[in-house]
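S.K.: can you look at this prediction? I've put the sequence above it.
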Amino acid sequence: MKNRLSLTYISILVFLCSLLPYLQWGGNNRAHIYELELEVIRKLIHNHKEALHPFTILPLIGQLLILISIFIKKRKMVLLKTGAVLILLLVAFIFVIGIMNLNLKMIAFCLPYIFLSSLIFIFRREKRN
């Protein structure tokens, strides 16, 4: 029970931290992931062809899997790990771009997700031993 509860808390934190990464591009354009996700969801509703791209759809699917894993009991780790990896594709990309541009905001806003998503894999490894 205690492990399941702490895994649920980690799942909630991973979901919340997946909304934090910060993007900054060309001139004065900047946004957090949650702002861009709202725009993608609006485009999916009105004109889905504009929003269909692996870097938009895969992280959204990952967040959906993490949300589902919070509320179910069976197969929780499979959904949680899959969701974390799908989101990590985008967050790692943003993190690398932040390093290449020496953008401390981009780096700093990606670190919480990278740290917490790695806890999922560490948590499972400790549970097996």
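M.R.: In hand now; what should we look at?

S.K.: CA atoms for contacts and neighbours, from now on please.
M.R.: OK.

S.K.: where does the chain have its least confident helix or strand?
M.R.: helix 48-51 (a mean of 76; mean pLDDT, DSSP states H and E).

S.K.: alpha carbons only: can I get that one in CSV?
M.R.: Extracted C-alpha coordinates of helix 48-51, given in CSV (Å, rounded to 0.1, in the frame of the first residue of the first chain):
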residue,chain,number,x,y,z
HIS,A,48,-6.4,18.3,-36.7
LYS,A,49,-4.1,18.3,-39.7
GLU,A,50,-2.2,21.4,-38.3
ALA,A,51,-1.5,19.7,-35.0
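
S.K.: so how far is that helix from its chain's centroid?
M.R.: Centroid separation between helix 48-51 and its chain, computed with C-alpha atoms, centre = their mean, to the nearest Å, is 21 Å.

S.K.: helices or strands next to it in the packing?
M.R.: helix 33-46 (3 or more C-alpha pairs under 8 Å, 6 or more residues apart in numbering; DSSP states H and E).

S.K.: I'd like the average pLDDT over the helix it packs on.
M.R.: On average, the pLDDT along helix 33-46 is 86.

S.K.: where in the chain is pLDDT low?
M.R.: By pLDDT under 70, the low-scoring segments of the chain are 1-5, 123-129.

S.K.: can you map out the strands along the protein?
M.R.: Under the criterion DSSP state E, the chain contains strands at 22-25, 29-32.

S.K.: buried sites along the last one?
M.R.: For strand 29-32, burial by neighbour count (16 or more other C-alpha atoms under 10 Å) applies to residue 32.
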